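Trainee: Make a model of this:
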Amino acid sequence: MEYFLLIMSFCLLIIGILGSFLPILPGPPISWVGLLLLYLTKGIEINYWVLGVTLFIALFVVVLDYIIPAKGTKRFGGSKYGVWGTNIGLVIGLFFPPIGFIIGAFVGALVGELIYDKKNQNRALKAATGSFLGFLAGTFIKLVVCFAYLGLFFSLVWKNSGIWF
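Mentor: Prediction:
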């Protein structure tokens, strides 16, 4: 059972990292569940402060993930169409690796803004840039948090390696 929890914990942490890019998956909360599973193994001493702080960080980043792209779009004069276009372009861009999700997010934001205001193409380009920059900032924050959780996982497993190996 311990090995199952260890493997599931690692898999959830990897899925959390992937969720940093995919708008469908909430990356940091999935990674946090991976940490929770790690703490449920018999070899790891439960530290409620670490679990509480990492849960707070995961939830805070989820909230920021909704705020940052919207603020970036509004700061550059965009609309909700640009935010939705970014998300749709990101999903479509995932089918064209390795940089399709980046190009898809920008093109999606641009198309969304052009749908909103067909006459002002300069404003649409500026708003699409803001939406794209907000998406990149949110993705970077989620990625940093998920990699920090993965680092915590490895440090705990290494510290208690005598139990499993």
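
Trainee: Quick check, central residue of the protein?
Mentor: Nearest to the mean C-alpha position of the chain, by CA atoms, centre = their mean, lies S20 at 2.3 Å.

Trainee: show me the residues around that residue that make contact.
Mentor: Residues near S20 by CB atoms under 8 Å, 6 or more residues apart in numbering: 27-28, 139, 142-143, 146. No exception for glycine: its C-beta is placed from N, CA and C like everyone else's.

Trainee: With F4 as the reference, measure out to it.
Mentor: Computed as CB to CB, to the nearest Å, the S20 to F4 distance reads 25 Å.

Trainee: Show me which of the contacts of S20 are buried.
Mentor: With burial judged by 16 or more other CB atoms under 10 Å, the buried subset of the contacts of S20 is 27-28, 139, 142-143, 146.

Trainee: Dump those residues to JSON lines, plus secondary structure, distance to N87 and pLDDT.
Mentor: Shown next, in JSON lines, are those (DSSP: H, G, I helix; E, B strand; the rest coil; distance: CB to CB, whole Å; pLDDT from 0 to 100):
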{"residue": "G27", "secondary structure": "helix", "distance to N87": "15", "pLDDT": "92"}
{"residue": "P28", "secondary structure": "helix", "distance to N87": "18", "pLDDT": "95"}
{"residue": "T139", "secondary structure": "helix", "distance to N87": "12", "pLDDT": "88"}
{"residue": "K142", "secondary structure": "helix", "distance to N87": "14", "pLDDT": "94"}
{"residue": "L143", "secondary structure": "helix", "distance to N87": "17", "pLDDT": "95"}
{"residue": "C146", "secondary structure": "helix", "distance to N87": "19", "pLDDT": "96"}
